[in-house]
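In: the following comprises the amino acid sequence and a computationally predicted model.
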Amino acid sequence: LLDETAANFRVQLDSQPEAIDFLERKILQLEVEATALKKDAKRDEASKQRLERVKEQVAFARDELQPLKEQFAREQGKLIQLKE
């Protein structure tokens, strides 16, 4: 039981936080949508407008993601120092 708890704790330490994972998946999903919309944007005004909104959402998500990744990297650095 103790080994299992320690293993779960270790996995949590090595894994990215849920917020980072969520934002990365959201960005990927939006980028896929943007790629599809680029093809339609040449013919369709609604697709062109949606593409611009998607690009804004990607930029906003990246702005949210950056400080979270920086904080995670700092915390990982501290954990590495503690291990040494």
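Out: Thanks, I have it. These figures come from a predicted structure and were not determined experimentally.

In: gap between E18 and A59?
Out: 22 Å (CB to CB, to the nearest Å). All C-beta atoms are positioned from the backbone trio N, CA, C, and that covers glycine.

In: mind checking which of those two has more residues around it?
Out: Remark: of E18 and A59, A59 carries more neighbours, 12 against 8, as counted by other CB atoms under 10 Å.

In: now do the helices in the protein.
Out: Secondary structure of the chain, counting by DSSP state H: helices at 2-14, 18-41, 45-83.

In: chain center to the second one: distance?
Out: The reference is to helix 18-41. Computed by CA atoms, centre = their mean, to the nearest Å, the chain-centroid distance of helix 18-41 equals 10 Å.

In: what ranges in this protein fall below the confidence cut-off?
Out: Across the chain, residues meeting the criterion (pLDDT under 70) sit at 1, 6, 8-9, 11-13.

In: mind running it again at 90?
Out: Applying pLDDT under 90 to the chain flags residues 1-16, 39-44, 75-84.

In: what about the residue most central in space within it, distance to L65?
Out: What sits nearest the mean C-alpha location of the chain, by CA atoms, centre = their mean, is E24, with 1.8 Å. E24 is 7 Å from L65, where distance means CB to CB.

In: what's the answer for K38, then?
Out: Taken as CB to CB, the span from K38 to L65 is 22 Å.

In: more crowded one of these two?
Out: L65 (17 against 13).

In: quick one, what contacts that one?
Out: I20, L23, E24, I27 (CB atoms under 8 Å, 6 or more residues apart in numbering).

In: quick one: buried ones out of those?
Out: Taking 16 or more other CB atoms under 10 Å as the criterion, what is buried in the contacts of L65 is I20, L23, E24, I27.

In: circling back to that earlier point, tell me which of the contacts of L65 is nearest to D3?
Out: Using CB to CB, I20 comes nearest to D3 of those, at 27.7 Å.
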